[in-house]
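Chemist: Generate coordinates for the sequence data below:
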Amino acid sequence: MKQIVFKYDVIPRSFDCIHKSLSSYILFDYFEVYYEFEFMISRLTSIIVLLFLSANAQEKIENDIKKIKPKLILGIVVDQMRYDYLTRFNDRFGEGGFRRMIKDGFSCNNHQVDYIPTTTAPGHASVFTGTTPQNHGIIGNTWYDKTSKQKIYCVQDNAVSPIGTSSSAGKMSPIQLKATTIADQNRLHTQMRGKTISIAIKDRGAILSGGHTANAAYWFRGKGQGSWISSSYYITKLPKWVVDFNESNVIDSYFMNWDTLYEIDSYIASGNDSTQFERGFKGKEKAVFPYDLLRLKEFNGQYDIIKHTPYGNSLTVDFAVAAIVGEKLGKDEYTDFLTISFSSTDYIGHNFGVNSKEVEDTYLRLDQDIERLLVTLDKKVGKDQYTVFLTSDHGATQVPQYLKSVKIPAGYFKEASVHLNIKHYINSLYQNDEIIENISNNQVFLNYELISNKNLDLEEIQKKIARYLLTLESIDKVYTRTQLENMSYAYGTGLLLQKGFHQKRSGDVFYTLSPSIIAYSRTGSSHGSGYAYDSRVPLLFYGNGISQGFTNTKTTVSDIAPTISSLLGISNPNGTTGNIINEIVD
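Modeler: Numbers count the residues shown, from 1 in each chain. All right, here's what the predicted structure looks like:
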């Protein structure tokens, strides 16, 4: 028998330890075994080498992420900002605000809010959780609670105490939000070392952006005091920097004449100054420039009037700058989050309408405020050390009265009378006026207990209500709970409603209005639909780790959080349904 001596010379020198443990001269009696064993060892060696290289590659990726990771993420939501504001007002923007973000950053030009309803609370929750009301549970600013049989507010929490005020305006928290936010995930990833500070004039704008683990969320209390407040959910008392800000005269400095930033005749991107489509302020006969805020404050809630002017946005930036300094944001190795919602744009749009000179002036001033914010970050955090994204929670429709004046179909939905008629209709069929428990947010809620006790057919009642609603001129489409629970819509209104439908919180019959039909006053703009004017909003990324460019490919609100999570190398929020926008990451 021929003996074959086999040394494992194929094993690289870098694996001497493996070499020694496997070699030691093995004798084989058959030549075939030699080659079979040599092949096996070669494969084993390749696997070991790949594992070694993979480990090194993974370590390199982790080191690169640590190296380039921004010190601060600034998330900006401009309440009620339509996409076309970027293009309509572009000629008048300076170089340091919106234009800086577009030129040196990345713009998603076909960005969509892909659910109904397009309102403030669902919008902020969706931006920061990476999902829609179907999963995060914020189905409106307010909604009918089927358990307590009462209307509840999206951030209402009677278990907490107000901080910085004695008013119930401070009894707020994110208790109703069912999913984590990107800021929450950053806090978890950094073992709570990365800070989160969230700021907005509206409580819901601040609270739903910051999430469950924010170090603090601050919102503005205008009535009676004119100061920034919080709740015991976050802190036990206001930090010194907040107290100092509230005690300064910053807010009082904004009681001035609100006049146009430039000559009013140069405001050609908007309609006439004097129209019948604007509401204006109490104490002033016409909604025309200028507005003497010092005089008008006594008719309009004292400090509260500031949030209905562009100076509410300026005040928000003032407070954000104080937060950057006071909280030392972006000053250590752990990424911090600062979320800012500009609420005044929404108040002004509701008051004056999207085609008003007041809205145009507001965005020209906001451009300057954003420039001031970016310059502050350049100085305090470092020019290449932070990342910004800017988007909106929803858009808004043109004032229907204005659209009708230029022969575009539009109108108003008489909500109260329609709701009364629905109840009368069902009562005439079943001789019971308690079958419908509530109608709100374009949803009909049925009384399950009564329907069960009376042995009535729940699905049949849904269908009858749906058929009746479809006979009304202003109503475009109607869906039932049964349809939304049992069908999977791939596109259109059905899909938008499904993404906004929460099984536990939503109602039983859902209706949508025809284009440019709104349930609102005859002056000012509103929103809430799935139409393009409400759903197409801007999305800009800028700063550390962001490519320069743009895309016309459709992106959705749910894509923002996973994209930022990818940039940071952290887990997505736990309810995420969106996708990473790959073109954005540098």
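Chemist: Between the two ends of stretch 449-466, how far is it?
Modeler: Taking C-alpha to C-alpha, to the nearest Å, stretch 449-466 runs 21 Å from one end to the other.
Chemist: and it, how far out from the chain's middle?
Modeler: Shown here is stretch 449-466, whose average C-alpha point lies 36 Å from the average C-alpha point of the whole chain (C-alpha atoms, centre = their mean, to the nearest Å).
Chemist: beta partners of residue 229?
Modeler: Listed beta-bridge partners, residue 229: residue 219 (assigned using DSSP bridges).
Chemist: State the distance from it to residue 162.
Modeler: Look at residue 229 and residue 162: by C-beta to C-beta, to the nearest Å, they are 6 Å apart. Placement of C-beta: from N, CA and C, glycine included.
Chemist: what is in contact with the two at once?
Modeler: Taking C-beta atoms under 8 Å, 6 or more residues apart in numbering as the contact criterion, the residues that touch both residue 229 and residue 162 are 169, 170.
Chemist: Tell me which of the two has more neighbours.
Modeler: residue 229 (23 against 17; other C-beta atoms under 10 Å).
Chemist: OK, contacts around that one?
Modeler: The contact partners of residue 229, taken as C-beta under 8 Å, 6+ apart, are 162, 163, 164, 165, 167, 169, 170, 218, 219, 220, 221, 238.
Chemist: change it to 7 Å
Modeler: By C-beta atoms under 7 Å, 6 or more residues apart in numbering, the residues touching residue 229 are 162, 163, 164, 165, 169, 170, 218, 219, 221.
Chemist: Can you report how many residues neighbour the nearest residue to the second one once chain neighbours are set aside?
Modeler: Beyond its immediate neighbours in the sequence, the residue positioned closest to residue 163 (C-beta to C-beta, 6 or more residues apart in numbering) is residue 230, lying 4.5 Å away. Residue crowding around residue 230 was assessed by other C-beta under 10 Å; the count is 28.
Chemist: cool, residue 298 as well?
Modeler: Taking other C-beta under 10 Å as the definition, residue 298 ends up with a neighbour count of 11.
Chemist: Am I right that it is in a helix?
Modeler: Yes: remark: residue 298 belongs to a helix, assigned using DSSP: H, G, I helix; E, B strand; the rest coil.
Chemist: could you measure it against residue 305, distance?
Modeler: In this view, residue 298 and residue 305 are 9 Å apart by C-beta to C-beta.
Chemist: Contacts only, for the residue lying closest to residue 304 once chain neighbours are set aside.
Modeler: Counting by C-beta to C-beta, 6+ apart, residue 222 is the residue found nearest to residue 304 once chain neighbours are left out, at 3.3 Å. With contact taken as C-beta under 7 Å, 6+ apart, residue 222 is in contact with 301, 303, 304, 306, 307.
Chemist: between those, which has the most around it?
Modeler: residue 306 (27 neighbours).
Chemist: That one reaches residue 252, doesn't it?
Modeler: No: proximity of residue 306 to residue 252 does not meet the contact threshold set by C-beta atoms under 7 Å, at 9.7 Å.
Chemist: I'd assumed residue 197 was in a strand, is it?
Modeler: Yes: the assignment for residue 197, made by three-state DSSP, places it in a strand.
Chemist: where do the helices sit along the stretch 1-150 of the chain?
Modeler: 16-22, 31-68, 84-88, 98-104, 120-129, 133-136 (DSSP state H, counting those that start in this stretch).
Chemist: Would you mark the buried spots in the last one?
Modeler: Residues of helix 133-136 classed as buried: 133, 134, 135, 136 (neighbour count, 16 or more other C-beta atoms under 10 Å).
Chemist: swap in stretch 183-193?
Modeler: The neighbour-count criterion (16+ other C-beta under 10 Å) identifies 183, 184, 185, 186, 187, 189, 190 as the buried residues of stretch 183-193.
Chemist: one step back: and the residue nearest to residue 304, backbone torsions?
Modeler: With angles defined as degrees, to the nearest 10, residue 222 shows backbone torsions of phi -90, psi -40.
Chemist: That one and residue 531, how far apart?
Modeler: Distance of residue 222 to residue 531, computed by C-beta to C-beta: 32 Å.
Chemist: Any stretches of the protein with poor pLDDT?
Modeler: For the chain, applying pLDDT under 70 flags the ranges 1-67, 586.
Chemist: Domain boundaries for it, per the record?
Modeler: Per automatic domain parsing, the structural domains of the chain span 4-65, 69-407+526-584, 414-473+475-513.
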